[in-house]
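> Build me a structure from this.
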Amino acid sequence: MAQAVNVNFKLDSDVKKSMESACADMGLSMSAAFTIFAKKVGRERRIPFEVSADPFYSEEHIAMLERRVADLKAGINMQAHDLIEV
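Reported below is the predicted structural model:
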């Protein structure tokens, strides 16, 4: 077996806590989980799950939201809606 090396990277603390909990529930350490992931990527030459962009963060959608916020601040296009009952 090849010599083990350390790999360091940063994770959001909430993501780390969530992953630690999930790994513990499966009887794995985070190191073992990342090793499984790395071996699968190396063997299959792909990310072993679907990766896609959230359309909420698309440039087009962000621009539309920025226009709407500017309109609201300017008092333009302020429309009532039925989402909240008063």
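> switch to C-alpha atoms for all contacts and neighbour counts from now on
Noted.
> Name the helix or strand for Ser31, please.
Using DSSP states H and E, Ser31 sits in helix 30-44.
> right, and the helix or strand after that helix?
helix 59-74.
> if I look at Thr35, how far off is Val5?
To Val5, Thr35 is 11 Å away according to C-alpha to C-alpha, to the nearest Å.
> my bad, Met30
Met30 is 15 Å from Val5, by C-alpha to C-alpha.
> Name the residue in those two with the higher neighbour count.
Neighbour tally, Met30 and Val5, criterion other C-alpha atoms under 10 Å: the higher count belongs to Met30, 16 against 6.
> In this structure the more buried one contacts Glu20, no?
Yes. Here Met30 reaches Glu20: they are 6.2 Å apart, a contact under C-alpha atoms under 8 Å.
> Overlap in contacts, these two.
Jointly contacting Met30 and Glu20 under the rule C-alpha atoms under 8 Å, 6 or more residues apart in numbering is no residue at all.
> Flag the shaky bits of the protein, pLDDT-wise.
1, 80-81, 84-86 (pLDDT under 70).
> okay, now Ile62: neighbour count?
Using other C-alpha under 10 Å, Ile62 has 13 other residues around it.
> er, Lys16 I mean
13.
> Provide the backbone phi and psi angles at Ala53.
Torsion angles at Ala53 (phi, psi; degrees, to the nearest 10) stand at phi -80, psi 140.
> For Gly42, see how far away it is.
23 Å.
> what about those two, which has more around it?
For Ala53 and Gly42, the more surrounded residue by other C-alpha under 10 Å is Gly42, and the numbers stand at 11 against 7.
> how near is the more buried one to Cys23?
In terms of C-alpha to C-alpha, Gly42 sits 21 Å off from Cys23.
> ditto for Gln3
24 Å.
> The two: who's more crowded?
Taking neighbours as other C-alpha under 10 Å, Gln3 and Cys23 compare with Cys23 leading, 16 against 4.
> Would you mind giving the secondary structure of that one?
helix (DSSP: H, G, I helix; E, B strand; the rest coil).
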